[in-house]
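1. Turn this into a structure:
(chains A and B)
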Protein chains: 2
Amino acid sequence: MFDWLPTPLLRLLGAAADNWGWLGGKLNALAINGIVGRTRNRPHPWSTFSPYISWQGLTDKTYQGRHLPATPPTIELPDWTAVAKLFARPAGAQLLSAKSTCLFPAFAQYLTDGFIRTDVHLDDDPVLKRRKTTTNHEIDLCPLYGRTPGQARVLRRLSEVSGQRGQLKSQILNGEEYAPYLYTPDGLTIRPEFMPGPLGEGLDKPLGMDRVPPERLASLFAFGGDRANATPMVAMVNTLLLREHNRLARGLDEQNPGWDDERVFQTARNVLIVMFIKLVVEEYINHITPLPFRLRADPAVAWDAQWNRPNWITAEFSLLYRWHSLMPDVIDWPGGPIPMNQFPTDNRPLIREGVAAAFVAIAGQAAGELGASNTNAFLLFAEEKAVEQARINQMAPYNAYRRAFGQKPAKRFDQISSDPKIQDLLKNLYGTPDSVEFYAGLFAEDRVKNSPLPGLLLIMVAVDAFSQALTNPLLSKHVYNNPETFSAWGRQQIAATATLEDVMRRNVPVPPAVQGLRMTQATWRPA
Amino acid sequence: MFDWLPTPLLRLLGAAADNWGWLGGKLNALAINGIVGRTRNRPHPWSTFSPYISWQGLTDKTYQGRHLPATPPTIELPDWTAVAKLFARPAGAQLLSAKSTCLFPAFAQYLTDGFIRTDVHLDDDPVLKRRKTTTNHEIDLCPLYGRTPGQARVLRRLSEVSGQRGQLKSQILNGEEYAPYLYTPDGLTIRPEFMPGPLGEGLDKPLGMDRVPPERLASLFAFGGDRANATPMVAMVNTLLLREHNRLARGLDEQNPGWDDERVFQTARNVLIVMFIKLVVEEYINHITPLPFRLRADPAVAWDAQWNRPNWITAEFSLLYRWHSLMPDVIDWPGGPIPMNQFPTDNRPLIREGVAAAFVAIAGQAAGELGASNTNAFLLFAEEKAVEQARINQMAPYNAYRRAFGQKPAKRFDQISSDPKIQDLLKNLYGTPDSVEFYAGLFAEDRVKNSPLPGLLLIMVAVDAFSQALTNPLLSKHVYNNPETFSAWGRQQIAATATLEDVMRRNVPVPPAVQGLRMTQATWRPA
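-> Numbering: from 1, shown residues only, chains lettered A, B, ... in the order given. This next block holds a predicted model:
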């Protein structure tokens, strides 16, 4: 939105915004409203429930919302094997990002697994399962706390002993705090306390467990999220937040001797959710945007906004967040390299090396570049599933989304990608720019200067991030301003947090000399 | 809000607002924003889940919201037998309203049973049942369509035969259309098609059926709402809306030959919900308010409003809507008078006399006056339940609500009621105005000039009505403005509806000479 300004002026503006309180606040609000205002605000008229406007479509949140209505394709869409060429990496090395460390995909996956949740358990109806969702539509840290109050209950320590009130269950392994194991030591069955029960308690079965050997299952943690054991790098983020929750609970318990386990738990959760949203905006979104100043998680921006309407995760959001090419081919794990196809569903490397070493390694390795021709063969199946899901839900064409998000539609293929090879691939697949599929077009685009994301995807991520993070009920005017919501001490903990590294240093003994453990590489400078 | 203006100026303003389009729109928006702006907007920090702010309290909508937090009483509250004196009618005739016909309580009961829903099925936990709710928190016509998609399914005809698409099941009795019977003809069991099943289909069991003889049960209809058979007067409203739904479905089916049963049903429901909201604002709320001009259901008023936040029915709303004294002691039914204690749970009088005669009778009889010392002995148990529910939920005192809704707290009892007898009763019960309970204070107040309601209750009803009706997703900007939501013909049907009488005349053969079948008595003139 500021890209019509000359670069020196932009830098000046940026410096001013970062340093002048009042002007910074105004520019922050202007930028956020400008971004979200690029498209129609919620409630969305459509969902994946019906291809027309219906009461159930407007209210049944087990279906995905939609920015644009279902649109049957006007051409015969190419086979997956043909489309795969757009995503598959040609022989040769992976393109690596000059901006992002692997902390960026680790956090992105952890964040989005919390609220982009295709209802993968509807295995007996493969079409319905791509339309439905189990999301709560809020950033509620359900990977840590579970999707339901019943799940939170089985994850909680539920102890009224002083110093233990309000905590999540944990165990000590190699002197470090982790969640309890989900499976029995032989890796054959889920422990009874976490088994699904009649009252909605019990944890969701982790995804993709069918072909995992028992020795790996035995290393999985009892987490709230069915994807939070996806890789040791995601489990690391959840483990950090579990430790932070228990640290907050200890602090609140100590300072409020009259509080019971329930109140300590609830208040610690209030603090941690807002702390996490602060990380989402101030570390993660600032890593993504090419803006010349740092956006702030200022709750007041949303208080008067017309876009402050009930969250509803969309089918588009569910597709555009499939960032498979961010994953490096080989993870430089402290105990030795791990090929990507060996990385999932195995927490043994995390437990063996410990969270501090894992964090330093992840924040020290470059992520892959997001975009066409850069997906590892091992992850191509996930691109295929995405294309399938997009077709089941009859997503409108790519150009319709450019229009809907305030961009001119592409008239020529070189307006999508500057790479002649990608242009040729698109032309062979779709014939004309108007026929390009949403998912293919999104990832075929050039990355935006100074951002790890392509243009349309960047806008759509930013719109949905702000319009769904800043609408969190904990940030609403009368909740956020209430002194009881976080307590004074809890509010200080939020104020003392700007990066995931801050959370880590409070919970993991990393030597102070090791600095700059961030989503952005220490060597990166804006162009 | 306009009460500081002299009466002649008010009348002039009113005439102007009703007749000048642009000014009328502005005054309408000003009035609605002025009313809703009297108190803090949603999301409410508290619910009946916990006496402090918690994530579950902010998101678990099976608990009731709260305008004010739980507040333990500062005095020992008087026994019910003492409080009952405030509500019980002394020997002598019922006070009757000069403004309202019985169509007002009939509609009020029908409307509020749709979204004020204490979870009465939790009979094994009498405290929890007063904290929880089964509401959808929306005006969704669930008394007609059921609370869930599964309930809607068992109520639908589900026929793809032309002329029958999109309809609700119905039967013809004495030449008139009614819902099917809920029970078998012997009145002993619920018909299998409506029995609760494993997938959330099946209807909620009607309330208070335990002591009802089978010949009355056999007359109950299979309605979406468990309270929609409460009296023949409520069943009459639901029957009217069932006929209107089926009329809309026939029209939409005829005009859209390509539509299937599902689309006809969904679009008819879109139309009927918005038509109903129009009745709520333009007939019902205008009957209640003493404003000198007619408020309009203009969806645009909410589009920019800071109070446009997700609905959440509150514990206060659930209490303040218990308008037992509106019910007359004897209903002047066309077939002969029916004492109030014989009126509930028996549709035989409705079926016998027919909907037209019932409507004319109900709209021709004065309602009771709402307020202290006017509840029929038969309904006193309901006041007791209300006081009990208020105490279980530790409602803040009456004066705290006066403050929260922009009024000065009462310092003397004559600032609550002008009636010395009520003042004495309050003084004996509570000692000081600051100790008066919310529920007692609400109903002890004088009625507002030209309104059937007392002052604080009137404000609270209006705040919640506007801030929860105009936020309906069907009235949101991009849904309401979409030509497909209602279709052009459906939109005309909404435009052609200003009163319940309009709906009746389309579905019931009342002689055109019979006029003015309204919530307001034909003889009433503002003071």
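2. which residues sit in contact with the closest residue in space to A:Asn507 that isn't next to it in sequence?
-> In space, and not counting its chain neighbours, A:Asn507 is closest to A:Arg243: 3.9 Å by C-beta to C-beta, 6 or more residues apart in numbering or on different chains. From N, CA and C alone the C-beta is placed, and that goes for glycine too. Counting by C-beta atoms under 8 Å, 6 or more residues apart in numbering or on different chains, A:Arg243 makes contact with A:Ser170, A:Glu177, A:Asn507, A:Val508.
3. Make sure I have this right: A:Glu138 is in a helix.
-> No - if the criterion is DSSP: H, G, I helix; E, B strand; the rest coil, then A:Glu138 is coil and not within a helix.
4. What is the neighbour count of it?
-> By the measure other C-beta atoms under 10 Å in any protein chain shown, the count of residues near A:Glu138 is 22.
5. go on, A:Met195?
-> Using other C-beta under 10 Å, A:Met195 is surrounded by 13 other residues.
6. dump the residue contacts of A:Gly65.
-> Here A:Gly65 is in contact with A:Arg42, A:Pro43, A:His44, A:Trp46, A:Ser47, A:Thr48, A:Trp312, A:Ile313, A:Thr314, A:Ala315 (criterion: C-beta under 8 Å, 6+ apart).
7. I'd guessed A:Arg191 sits against A:Ala222; true?
-> Yes - under the criterion of C-beta atoms under 8 Å, A:Arg191 makes contact with A:Ala222 at 7.3 Å.
8. Determine the residues that are contacts of both of the two.
-> Common contacts of A:Arg191 and A:Ala222 (C-beta under 8 Å, 6+ apart): A:Pro180, A:Tyr181, A:Leu182.
9. Mind checking which of those are buried?
-> A:Tyr181, A:Leu182 (16 or more other C-beta atoms under 10 Å in any protein chain shown).
10. and of the shared contacts of A:Arg191 and A:Ala222, the nearest to B:Val280?
-> Taking C-beta to C-beta as the measure, A:Leu182 is the one of the shared contacts of A:Arg191 and A:Ala222 closest to B:Val280, at 50.2 Å.
11. gap between that closest one and chain B?
-> Noted for A:Leu182: a distance of 23 Å to chain B, by C-beta to the nearest C-beta, to the nearest Å.
12. now that residue, nearest residue through space, not along the chain?
-> Nearest residue to A:Leu182 in three dimensions, chain neighbours excluded: A:Ala222, at 4.3 Å (C-beta to C-beta, 6+ apart).
13. Angles on the backbone of A:Val264, please.
-> Main-chain dihedrals, A:Val264, degrees, to the nearest 10: phi -60, psi -50.
14. So which elements touch the helix or strand harbouring A:Ala462?
-> Assigned by DSSP states H and E, A:Ala462 belongs to helix A:455-469. Judged by 3 or more C-beta pairs under 8 Å, 6 or more residues apart in numbering or on different chains; DSSP states H and E, the packing partners of helix A:455-469 are helix A:21-36, helix A:286-288, helix A:315-320, helix A:398-404, helix A:438-444.
15. Against which helices or strands is the last one packed?
-> Of the remaining helices and strands, those touching helix A:438-444 by 3+ C-beta pairs under 8 Å, 6+ apart are helix A:80-87, helix A:315-320, helix A:380-392, helix A:398-404, helix A:420-430, helix A:455-469.
16. so how far is B:Thr485 from the nearest residue to A:Arg294 once chain neighbours are set aside?
-> Nearest residue to A:Arg294 in three dimensions, chain neighbours excluded: A:Asn286, at 5.1 Å (C-beta to C-beta, 6+ apart). Distance of A:Asn286 to B:Thr485, given as C-beta to C-beta, to the nearest Å: 39 Å.
17. Between those two, which has more neighbouring residues?
-> Higher neighbour count among A:Asn286 and B:Thr485: B:Thr485, with 22 against 18, using other C-beta under 10 Å.
18. Could you check how far the helix or strand following the helix holding A:Ala462 is from the centre of its chain?
-> Downstream of helix A:455-469, the next assigned helix or strand under DSSP H and E is helix A:477-480. Centroid displacement of helix A:477-480 relative to its chain, using C-alpha atoms, centre = their mean, to the nearest Å, is 25 Å.
19. which residues are in contact with helix A:477-480?
-> For helix A:477-480, the external contacting residues (C-beta under 8 Å, 6+ apart) are A:274, A:299-300, A:303, A:473-474, A:485, B:40-41, B:43-45, B:53, B:58.
20. change it to 7 Å
-> A:Pro299, A:Trp303, A:Pro473, A:Leu474, A:Thr485, B:Arg40, B:Pro43, B:Pro45, B:Ile53, B:Leu58 (C-beta atoms under 7 Å, 6 or more residues apart in numbering or on different chains).
21. Then stretch A:178-185?
-> With C-beta under 7 Å, 6+ apart as the contact definition, stretch A:178-185 has outside contacts at A:169-171, A:189-191, A:194, A:217-218, A:220-223, A:239, A:242, A:351.
22. Alright, I will stop here.
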